[in-house]
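Asker: Take a look and give me a structure for this.
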Amino acid sequence: MGRQRTINDTAFWRSPLLAGTTQEDKATMLYLLTSPFSNIVGVYQIVPRIAAAEMGWTSEQLVQVLDRLADLNLIAFDEKSGWVWVKIWWEHHSAKMATAPSLRASTCEQIKQIVPAWRDAYVADFVPRVPTAKGWRDEVHAAFQEFAYEVATPCPHPVDTGPANTNYKNNFTDNTNTGRAAGATDAGQDAIAALEFPSLAGPELAALQTLIVQMPQSIRQDVLDEIEGKRRAGRLKGALALCGHFRQDPAAFVLTDGKAVQRERSSRRQAAQREADFGAQLDRALLTMSDEELQRHQVGLPRSFVEKVSARRHRLRHASAQEKLAGA
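Answerer: Numbering: from 1, shown residues only. Predicted coordinates:
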């Protein structure tokens, strides 16, 4: 049976935090609260192209709305890495359920994986929401003592108070494979850049980047996928230890938990190709379409979208004119 997402509908549609927001804002917030990318704690990574496709938008449209929601302090969003923190998550999901015995280990693990720049504020907001019965709050507090410098005292909700309301948009170091691994040569860095790495903390990720290039090239991505698959399944004891184990006997490596990760990457690439093809078709249409035709197509569309299309058309025409001048 698939997972279910049940949110507090009254608190959503009558929320003072959402008063004055646009229909696009509300639709995006509803998506983030129920997204297939989401996890137990409401801080997770999305692939904007896929998320936009699921909403029937382009990635540019979605990112524009996400930025607006971040400015309203309803979320925090980092476009480069795709991390999003839904700051009103616990207004619509149950902290009590998330800390129940069957989910507590997964909840703690997912919170520990939150990027450092957000984690302290997140814990300070989360802990007061945990029920005090059976010592749950003390147990959760103790689990994150190493992260939370100061955990807020219980406060009324749904209105957030304290550090959790700080806008952390685009305010942390990206942990993807864009940076140079310590000690990596240019050739090694090129090999690293071609890989997709698991969602790990900075030091562990850097060490994994150094270790993975010592493995046969044919299984590097498979090993990384297996590590990420085990992390998502909650069965990852240590990424470096697991990678070291596969390195000792590459011939014995078998992809199991990483199969879903591979399928997801394949879906992302297909979606990216479809988006690129659609973008190329749109650009050709914008270049050849007359002003009158464009105006007819824009009737009834949101003003922000019309302005964006017009700006894109202007850039395309300018670039085309520059190419003609250069070729003359």
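
Asker: residue ranges with poor pLDDT in the stretch 51-200 of the chain?
Answerer: For the stretch 51-200 of the chain, the stretches flagged by pLDDT under 70 are 133-136, 139-191.

Asker: same thing but at 50, please
Answerer: Confidence mapping of the stretch 51-200 of the chain against pLDDT under 50 gives the ranges 147-185.

Asker: Quick one: the strands in it, in order.
Answerer: 75-77, 83-86 (DSSP state E, counting those that start in this stretch).

Asker: which neighbours does the longest one have in its sheet, and in what orientation?
Answerer: Right, the one you point to is strand 83-86. Using DSSP bridges, the neighbouring strands of strand 83-86 in the sheet come out as strand 43-45 (antiparallel), strand 75-77 (antiparallel).

Asker: OK, contacts around the residue nearest the centre of the chain?
Answerer: Among the residues of the chain, the smallest C-alpha distance to the mean C-alpha position (CA atoms, centre = their mean) belongs to residue 45, namely 2.0 Å. Taking CB atoms under 8 Å, 6 or more residues apart in numbering as the criterion, residue 45 is in contact with 37, 81, 82, 83, 84, 199. (C-beta placed from N, C-alpha, C; glycine too.)

Asker: and if we set it to 6 Å?
Answerer: By CB atoms under 6 Å, 6 or more residues apart in numbering, the contact set of residue 45 is 82, 83.

Asker: Now do it against residue 292, distance only.
Answerer: Using CB to CB, to the nearest Å, residue 45 is found at 44 Å from residue 292.

Asker: Can you show me the CA trace of stretch 294-314 as PDB?
Answerer: C-alpha atoms of stretch 294-314 as PDB (Å, rounded to 0.1, in the frame of the first residue of the first chain):
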ATOM      1  CA  LEU A 294       1.400  36.500 -30.100                       C
ATOM      2  CA  GLN A 295      -1.200  38.900 -28.700                       C
ATOM      3  CA  ARG A 296      -4.000  36.500 -29.600                       C
ATOM      4  CA  HIS A 297      -2.200  33.600 -27.900                       C
ATOM      5  CA  GLN A 298      -1.700  35.700 -24.800                       C
ATOM      6  CA  VAL A 299      -5.300  36.600 -24.200                       C
ATOM      7  CA  GLY A 300      -6.500  35.400 -20.800                       C
ATOM      8  CA  LEU A 301      -3.000  34.400 -19.600                       C
ATOM      9  CA  PRO A 302      -1.600  35.800 -16.300                       C
ATOM     10  CA  ARG A 303       0.200  39.100 -16.700                       C
ATOM     11  CA  SER A 304       3.400  37.800 -15.200                       C
ATOM     12  CA  PHE A 305       3.500  35.000 -17.700                       C
ATOM     13  CA  VAL A 306       2.800  37.300 -20.700                       C
ATOM     14  CA  GLU A 307       5.700  39.600 -19.500                       C
ATOM     15  CA  LYS A 308       8.000  36.600 -19.300                       C
ATOM     16  CA  VAL A 309       7.200  35.400 -22.800                       C
ATOM     17  CA  SER A 310       7.600  38.900 -24.200                       C
ATOM     18  CA  ALA A 311      11.000  39.300 -22.500                       C
ATOM     19  CA  ARG A 312      12.100  35.900 -23.900                       C
ATOM     20  CA  ARG A 313      11.000  36.900 -27.400                       C
ATOM     21  CA  HIS A 314      13.000  40.100 -27.100                       C
END
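
Asker: Cool, thanks, signing off.
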